[in-house]
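Chemist: Sequence first, then the predicted structure:
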Amino acid sequence: MGAEVVGPDPRQNGAGRAGAPLLRVSDLFVNYGQVEALHGISLDVYPGEVVAIIGSNGAGKSTTMRAISGMLVPRAGRVVFDGRDVTGLPSHEIVRLGLVHVPEGRQIFANQSVRDNLMLGAFQQPRSRAAETAERLRRELDRFPVLRERQDQRAGTLSGGEQQMLAISRGLMARPKLLLLDEPSMGLAPLLVRQVAETVRQLNSEGVTILLVEQLAMMALSVAHRAYVIQNGVVRIEGPSAGLARNPEVIRAYLGGAAQQVEAQPPAG
Amino acid sequence: MDLAEIVSTFFRILPQALVSGVALGSVYALIAQGYYVTFTTTETLNFAQGEFLMVGALTSFSLMVLAGVPFLVALPAVVALMAAMGVVLERIAIRPLRQLLSVGWILSTVGTSVILRQFAEIYWGREQKRVPSIFGDVPLYLGNVGIFPQEVFIIVASLLTMGILLVFLKRSTFGKALQAVAFNPAAAGLMGINVRQMVVVSYIISSALAGIAGILIAPVIFAHAEMGALLGLKAFAAAIIGGIENPVGILLMGIGLGIAEFIVAGYNASFRDAATFLILILILAWRPQGLFERVTAEKV
Amino acid sequence: MHPSFWSRRIDAPIFSGVSVGGVILTLAATLALVIVPILVDNAYIMRIAQQIAFYTIAAIGLNVLVGYQGQVSLGHGGLFAVGAYGSALLATQTSISVWIAIAAGAALAGIVGALLALPTLRAKGPYLAMVTIAFSIIVFVVAQSWVGLTRGPEGIKNIPGPDLFGTTIRQLRTYAPFGDGGPAISGAVVYFWIVGLAALAVQLLANNLLAGRWGRTINAVRQSEVAAETVGVSVYRWKVGAFAFSAVLAGLSGAFFAHQDGYIVSDTFTFNKSVELLVYVILGGARTLFGPLIGTTVLVILPEFLKTISEYAFVPAWAKPILEHYLLFYGALLILFLIAMPEGMAGALKAIPGVKSLLPPTPTPTPRTATALAPAELVVGRARPTLVADDVKMYFGGVKAVDGVSLAIQPGTIHGLIGPNGSGKSTMVNVMTGVYRPTGGRVRLGDTVMNHLPPHSIAALGVTRTFQNIQLFKDLSVIDNVMMGYHLRMRYGFVDQLLRTRRARAEETAYRQRAMALLQFLDIAQLAEAEAQSLPYGHQRLVEIARALALEPAVLILDEPAAGINASEIDQVSEVIRRIRSAGVTILVIEHHMDLVMSVSDHVVALDYGKKIAEGTPAEIQANPRVIEAYLGDQDSFALPAEEPDAGTVELAGAVASPRPEATE
């Protein structure tokens, strides 16, 4: 019927609501200059979950993620991570707390080697943990064999899918408590998109909590426990992914309401 | 001069020009690496780099000649002073002006160069200062070609410094972090790299390079308040022609310009300074992106 | 006198639009220029005054370049030298009149400036700064070394002064211009009259230029080169033109300098001269009309002032050399002003109440009436060809951003172009407007192939666009933004503008009325005088559209018109788009906002991975499974979770019409 689920189905475990959320975003307002892009976004992520933010492009998904990770400073609202208020902190400080953002478009350092990209991912790890970091490097190079193969090549020579793998591994080098994945499927062929979905499931089964931003609703809903549908800067629908997958409102959130019939007007003049 | 004379003069000049030119050129290259480091990281550079060199040279005069401080102490002292100046420059002349006017930093660093030149004239006076070389001032001869021991030292020290710089940038974690900031500051921030700190570091490195160049060249061309202007600008020409984001291109171009300068001087001493800039204008007219820079299609 | 008398604006050549107060001030200044020197009659003061006068000329030119057009030149000292040497050599080596020599010196500097700018302005980055520095230095070195031509440090002596009253003017002689019965006037005063009146004329003419179409275009190019291209401005040509103009004035200044004392030496023309000129402009206030005059006056007097102070007894010995090195102050003040007072001294003066009303307006005030033209006549003026893309390909290295897309935008319709991120929509727009040259295929308007044309030529053919991140000329008023749309239509020339002739004023008024009518058509006429960047985003978008409509485009491309517009304003945007189409404009809309694009479009094309995957009516597209798959993904590829009966879906308040919530602090 479709792709099989590999390993224990994470949707059956871990989405426990017990305890405080790992990430709580409250009433987030973000501006780009004069333009208000987010008009009050609220969401929660609990430990062990995969939560997705879906919606059409321009809806505000990546903006939300950037405001969480410190790339943007919100105009109003709060971001609380692991009990700490991190609203408005610069991204290099937020990473140290364990909130790791794998950015949209991958944004690997194309002029440096694959291995160096991974090491840069561990930049903020203290020197005292060097042995651990080296161990993690070994593990990440093995996670996606292509990375070990090409570890000394310039990262810019990797294909789109390989770069996505690299970006994810680079994020993992930072020992994330929460991993923000920003549109990992963008620009990838359908087969690779399935591989990315697989990777997300695998990571979650290893215990990584993930907040995933995706345009491809179907891909996101197949790996997430819960999802928020964002349209025009607000959360329009939220709920368990099972319910959303069959909800026609989701399609309408992407492609608009029923097309209004415009009467054909004879052009003037 | 007819063609035969031109050609024969050329070959007569060439050996000495090569030797002296490499020495001078490696100083140009050293200064220009400073432009490279800050420009790749911040898209700004220090138009007062030559004046920083001058302050380094004159400070080495004050330390070594007036105060009798040995070279091995003077060198780190000059470098430390330069680093401090770099921090101040970045804070006052660069950081406030990077966003507002895209050209504000050009004017402020030019203003800085004027201030430093005037200050040097006031403090050290207008006369040229002799800084004796620690290797003595007797030239060595190989056939007709002479070279001062200091010039040998300049070549070795400059190449060594540039080598260390390149290794640092390419191999050390810190250097790779600097490169990451240059490539994509937002993504670098996501790695936990403090971008603002890195910008300051890039200016420290750039200024330190100028200081080293100053203390190296002082024994050869005499230290005085005006020495920095032309040096800084010729080094800038080397950076532009070699490709401002290409350290190897800069090295080659610096040396090339040094040699070209001595060749032109062999024909007509008074045009030696104009030569570099004429070459610059001609090359920019032909290839605006410099000789070695790769043209990247800009995606709008 | 009633205060409103002073601020009434007059309508006459040269002074058009200036307030009565301003005119009276100008006349008073002219009278003062003539009379005061006779009374003062001090050779030293006259020399300073002459210096202020001719350096102001150079500063005005440099201000046009640096302040209004936004380019940095550190080479105007070199152009000053070219003017000085050009005029000096002509005057000493030939027997032509000194007046012609001065003009020739200025012209020569203009030519050299243009030659310098032509190759350099093709490059991006700080290259112009570098090349101009190099130029300054080359000029200095040539002046020092080519002794055969310039006499080097020894200098050119005995440069004759200009002829007036039948004799040559020399600073130290006296003349009796009013006949034997009248007062004796020293040569210094006469020379000051010459340079002073020249400076006054340059100031007035520059004010006129900056207030008219020339100034508006230069300002626009500085603020958004991309947008300027879309209204038909050839940005490169204008940048070179501005540079050449400033070069002519620098050369004129240098020529006056050469004839001041009749003696020039190469030591004067160092790189410092370029820095000095820049400092006059920045400290005076870049991009102000009188900044150059104010800056030059203060900074020419400053060194003299400092020197005088340093001779007083109470100044300690260590301070004297500091006071003598006035450049130190220049440098420090430059940095200070750049950081803390970007508006300069003129800006500070403008803050004083009442001063602003004395200034000539930039530009002419708005007529009260709009032209009585029907919308269709305002926005569509020509035959309407079809914009066609034939199998267009756009590859960037290995990336196939657009891979064989064909479209035809039928005249009089609204076409929508949609697609997920990375589908190639923006690339397609950039290809159709000339920003990119396609790797394959053709873009044509009717039968005219446009592949090789730059954006400003495509605009001239009638294809124009708006931008996702609005590209307005931020400092210009709303109506001036729209006036830029008439750039290609306005006919009055450089001289008409210098002198503010009747023809110039009539054309400006006529187009202003058209612009007002356009603003009325879009219901924003009341915002005409507002500064564009002060408006809320939705209104800025409308201004951008009005500007595009001024071109009477064959095809109007709207690139994400809903970007940044909040939910309650979306309907307004839809309505405006339909209104424009009713007037007969052909429109291509690229959008993410599905409600908008589906509700206005007659025909929609969907792209994915650089290819066209569907086209049809909005309803057809919304139901098209391939389109759904492109946006949401293939349902069958992913194992979707089984329905959980007790898990409720929470649907929040509808997305479209929710009012903006209050910000929580």
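Modeler: That came through, no problem. Numbers count the residues shown, from 1 in each chain, chains lettered A, B, ... in the order given.

Chemist: Show me where the stretch 151-269 of chain A has its helices.
Modeler: A:160-172, A:190-205, A:217-223, A:241-245, A:248-255 (DSSP state H, counting those that start in this stretch).

Chemist: before we move on, what about the stretch 151-300 of chain C?
Modeler: Using DSSP H, counting those that start in this stretch, helices in the stretch 151-300 of chain C cover C:187-211, C:213-223, C:225-230, C:235-261, C:271-285, C:291-310.

Chemist: Distance to chain A, mean pLDDT and mean neighbour count added to these, as a markdown table?
Modeler: Every C-beta, even on glycine, is put in place using the N, C-alpha and C of the backbone. A markdown table is the format used below for the helices of the stretch 151-300 of chain C (distance: least, Cβ to the nearest Cβ, whole Å; pLDDT from 0 to 100; neighbours: other Cβ atoms under 10 Å in any protein chain shown):
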| stretch | distance to chain A | mean pLDDT | mean neighbour count |
| --- | --- | --- | --- |
| helix C:187-211 | 28 | 90 | 22 |
| helix C:213-223 | 15 | 91 | 23 |
| helix C:225-230 | 16 | 91 | 23 |
| helix C:235-261 | 24 | 94 | 26 |
| helix C:271-285 | 26 | 90 | 26 |
| helix C:291-310 | 28 | 88 | 19 |
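
Chemist: Residues of the stretch 101-250 of chain A that sit close to chain B?
Modeler: Within reach of chain B by Cβ under 8 Å from any Cβ of the partner chain, the stretch 101-250 of chain A has these residues: A:101, A:103, A:107-112, A:116, A:119-121, A:123-124, A:170, A:174.

Chemist: just to revisit the earlier point, redo the helices of the stretch 151-269 of chain A as a markdown table? Include mean neighbour count and mean pLDDT.
Modeler: Formatted as a markdown table, the helices of the stretch 151-269 of chain A follow (neighbours: other Cβ atoms under 10 Å in any protein chain shown; pLDDT from 0 to 100):
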| stretch | mean neighbour count | mean pLDDT |
| --- | --- | --- |
| helix A:160-172 | 23 | 92 |
| helix A:190-205 | 20 | 90 |
| helix A:217-223 | 27 | 90 |
| helix A:241-245 | 23 | 86 |
| helix A:248-255 | 19 | 81 |
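
Chemist: Out of the helices of the stretch 151-300 of chain C, which gets nearest to chain B?
Modeler: Nearest to chain B, of all those, is helix C:271-285, at 5.9 Å by Cβ to the nearest Cβ.

Chemist: That closest one vs chain B: in contact?
Modeler: Yes. Helix C:271-285 lies within reach of chain B by Cβ under 8 Å from any Cβ, at C:271-272, C:275, C:278-279, C:282.

Chemist: List the contacts of the closest residue to residue A:47 other than its chain neighbours.
Modeler: Nearest non-adjacent residue to residue A:47, counting by Cβ to Cβ, 6 or more residues apart in numbering or on different chains: residue A:22, 4.8 Å away. Counting by Cβ atoms under 8 Å, 6 or more residues apart in numbering or on different chains, residue A:22 touches A:45-47, A:81-82, A:177-178, A:209.

Chemist: By proximity to chain B, which residue of the stretch 101-250 of chain A wins?
Modeler: As assessed by Cβ to the nearest Cβ, chain B sits closest to residue A:124 within the stretch 101-250 of chain A, at 2.9 Å.

Chemist: just to revisit the earlier point, which one of the residues of the stretch 101-250 of chain A next to chain B is nearest residue B:231?
Modeler: Nearest to residue B:231 among those is residue A:111, at 30.1 Å by Cβ to Cβ.

Chemist: Test my guess that the closest one contacts residue A:120.
Modeler: No. The criterion here is Cβ atoms under 8 Å, and residue A:111 misses it with residue A:120 at 11.8 Å.

Chemist: Would you confirm that residue B:199 belongs to a helix?
Modeler: Yes. Counting by DSSP: H, G, I helix; E, B strand; the rest coil, residue B:199 falls inside a helix.

Chemist: Which pLDDT value belongs to it?
Modeler: We note a pLDDT of 94 for residue B:199 in this prediction.

Chemist: residue ranges with poor pLDDT in the chain?
Modeler: The chain I'm using is chain A. A:1-18, A:257-269 (pLDDT under 70).

Chemist: wait, chain C
Modeler: For chain C, residues meeting the criterion pLDDT under 70 lie at C:1-7, C:11, C:14, C:16-17, C:123-126, C:165, C:177-182, C:357-383, C:637-638, C:640-665.

Chemist: re earlier: quick one: the residue of the stretch 101-250 of chain A closest to chain B from chain C, how far?
Modeler: 30 Å (Cβ to the nearest Cβ, to the nearest Å).

Chemist: Provide a list of residues in contact with that residue.
Modeler: A:92, A:95-96, A:174, B:191-193 are the contacts of residue A:124 under Cβ under 8 Å, 6+ apart.

Chemist: Find the centremost residue of the chain, please.
Modeler: Going with chain A. residue A:181 (2.1 Å; Cα atoms, centre = their mean).

Chemist: actually chain C
Modeler: Short answer for chain C (Cα atoms, centre = their mean): residue C:219, at 1.9 Å.
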